[in-house]
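Student: Here is a sequence together with a model predicted from it:
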Amino acid sequence: MAAVGAASPDERAGEIRALCARLSREPDLDAPELQAYDTADLLLLETAEPAIRGLAPGELVVIGDRHGALALGAAALFGALGIRSHQDALLGERAMARNAEALGLGSGPDLAGSAVVVSHDDLGESLLHGARVVLLQLPRGLDALDEIAAAIARWAEPSVVVFAGGRVKHMTRSMNEVLARSFGEVTAGLGRQKARVLTARDPLPVPADAYPRWGTDPELPFRIAAHGATFGGPTLDHGSRLLLAGLAASAAHPLGGDRDPHRIVDLGCGNGVLAVSAALRWPDAEVIATDQSSAAVAATRTTATAAGVADRITVYRADGAEAVPDGWADLILLNPPFHTGATVHAGVAHRLIRSCARALAPGGELRLVFNSHLGYRSLVEQVIGPVRQVARDRTFTVLAATRR
């Protein structure tokens, strides 16, 4: 698709909206109430257009572009080339690749040539070196924003301009303050269609070792690492605490009889607490930890290394249990998220629960913790097998389901 020339503001807004309307969420969770872009994407592209036009290949970086609206809009409408992209979520990255293909934009490793989008797993020098403009969909958490802002300030050009947009209902004044830790100038644009753009300039010196952050818990014999976007941060969240307590209450053999689990999966591993706890509890077991979040994968690897069990935990950035062979797992531990982006949606957990059926060996067990009001029990019984309640408190329920 060729870049469109000069247009009036109303015409440009219409072109941006028309392009974004062609985007799909596939293979990410899709539903009638979800779409592949929002008004913050539209406002970001309109606001940043003058800064993007005329950039050399490789000088535009896009972070948090959930399904490709920002990168593909900049490429198709403003002629940007060699756009480097970082998406924490693997499914968003795959959706962007599909959308690029559908729009005839493609992707590849050549920043100076025909490539439009090159994805990077981490917020490092390879992503940000030489960047003069950064488009950022504001993340949900302040720690995630802090790590992103510090990375841009450390690695991008001194002249870099950051356009950070979000839906007003998800924005707080604290976001301005977090950006101000890494940039000398932070300004807020006017709100439009319930979205707003923050602009940051003049990067400041930042510490090189701020992430991962580390935490401890009296119930754990190891330290916990977390990056800014890692679910739960460097802590033992309440759901995981209840799940681990249920395992301890099962004595030595959660599978019954005298069977120890020899192949264990931590599905949606987050900071790695469940994977590392399992590896320490069953020292003869092989553990797979998997998450679609690049921040989770990095945190789990770091937590496992610090705990001395990295040689028995294989960590994958993957969609659900796709990295687990059929019928491989004796035990799957699952503390699923209940949102996609900023939207609460049970479909995320349903997708993960369904993926367990293929990965579990016959007679294998799923241990699942969830907010009690979500009522996952009927689905677990349907796709896995017989269910028993292991633990319950005012907020969470832990179920054990045996694969038929």
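Tutor: Received it, and whenever you're ready, just let me know what you need.

Student: Show me the helices in the stretch 251-400 of the chain, by range?
Tutor: For the stretch 251-400 of the chain, the helices defined by DSSP state H, counting those that start in this stretch occupy 273-281, 294-307, 347-359, 377-383.

Student: And the stretch 51-200 of the chain, by the same measure?
Tutor: Secondary structure of the stretch 51-200 of the chain (DSSP H, counting those that start in this stretch): helices located at 69-78, 90-102, 125-128, 142-155, 173-180.

Student: who touches Thr235 in this structure?
Tutor: Counting by Cβ atoms under 8 Å, 6 or more residues apart in numbering, Thr235 makes contact with Gly215, Asp217, Ile224, Ala226, Asn271. All C-beta atoms are positioned from the backbone trio N, CA, C, and that covers glycine.

Student: what about Asp121, distance to Gly233?
Tutor: Separation of Asp121 from Gly233 (Cβ to Cβ, to the nearest Å): 20 Å.

Student: Would you show me how to pick out the buried ones of the contacts of Thr235 in ChimeraX?
Tutor: Typed into ChimeraX, the line below selects the buried ones among the contacts of Thr235, using 16 or more other Cβ atoms under 10 Å:
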select :215,224,226,271
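
Student: Mind telling me the two of the contacts of Thr235 farthest from one another?
Tutor: Asp217 and Ala226 (12.4 Å; Cβ to Cβ).

Student: which stretches of the chain have low pLDDT?
Tutor: The chain contains residues with pLDDT under 70 at 1-7, 31-32, 106-116, 250-258, 338-346.

Student: how about the biggest strand by length in the chain: buried residues?
Tutor: In the chain, taking DSSP state E as the definition, the longest strand is strand 360-371. By 16+ other Cβ under 10 Å, the buried positions in strand 360-371 come out as Leu360, Ala361, Gly364, Glu365, Leu366, Arg367, Leu368, Val369, Phe370.

Student: neighbouring contacts of that strand?
Tutor: The contact list for strand 360-371 (Cβ under 8 Å, 6+ apart) reads 239-240, 242-243, 246-247, 254-255, 261, 263, 327-336, 338, 349, 353, 356, 376, 380, 384, 390, 395-404.

Student: quick one: which of the contacts of Thr235 sit in strands?
Tutor: Using DSSP E, the contacts of Thr235 in strands are Gly215, Ile224, Ala226.

Student: distance of the nearest residue to the last one once chain neighbours are set aside from Leu247?
Tutor: Distances taken as Cβ to Cβ, 6 or more residues apart in numbering put Pro234 closest to Ala226, at 4.1 Å, once the chain neighbours are dropped. Pro234 sits 21 Å away from Leu247, taking Cβ to Cβ as the criterion.

Student: Need the three-state assignment for the residue nearest to Ala226.
Tutor: Three-state call for Pro234 (DSSP: H, G, I helix; E, B strand; the rest coil): coil.

Student: and stretch 158-171, how far apart are its ends?
Tutor: Terminal residues of stretch 158-171 are spaced 26 Å apart (Cα to Cα, to the nearest Å).

Student: how far does it sit from the chain's center?
Tutor: 18 Å (Cα atoms, centre = their mean, to the nearest Å).

Student: ok, now stretch 131-139?
Tutor: Averaging C-alpha positions (Cα atoms, centre = their mean) puts stretch 131-139 16 Å from its chain's average.

Student: coming back round to it: redo the contacts of Thr235 as JSON lines? Include distance to Lys169.
Tutor: Converted to JSON lines, those look like this (distance: Cβ to Cβ, whole Å):
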{"residue": "Gly215", "distance to Lys169": "29"}
{"residue": "Asp217", "distance to Lys169": "33"}
{"residue": "Ile224", "distance to Lys169": "31"}
{"residue": "Ala226", "distance to Lys169": "26"}
{"residue": "Asn271", "distance to Lys169": "28"}
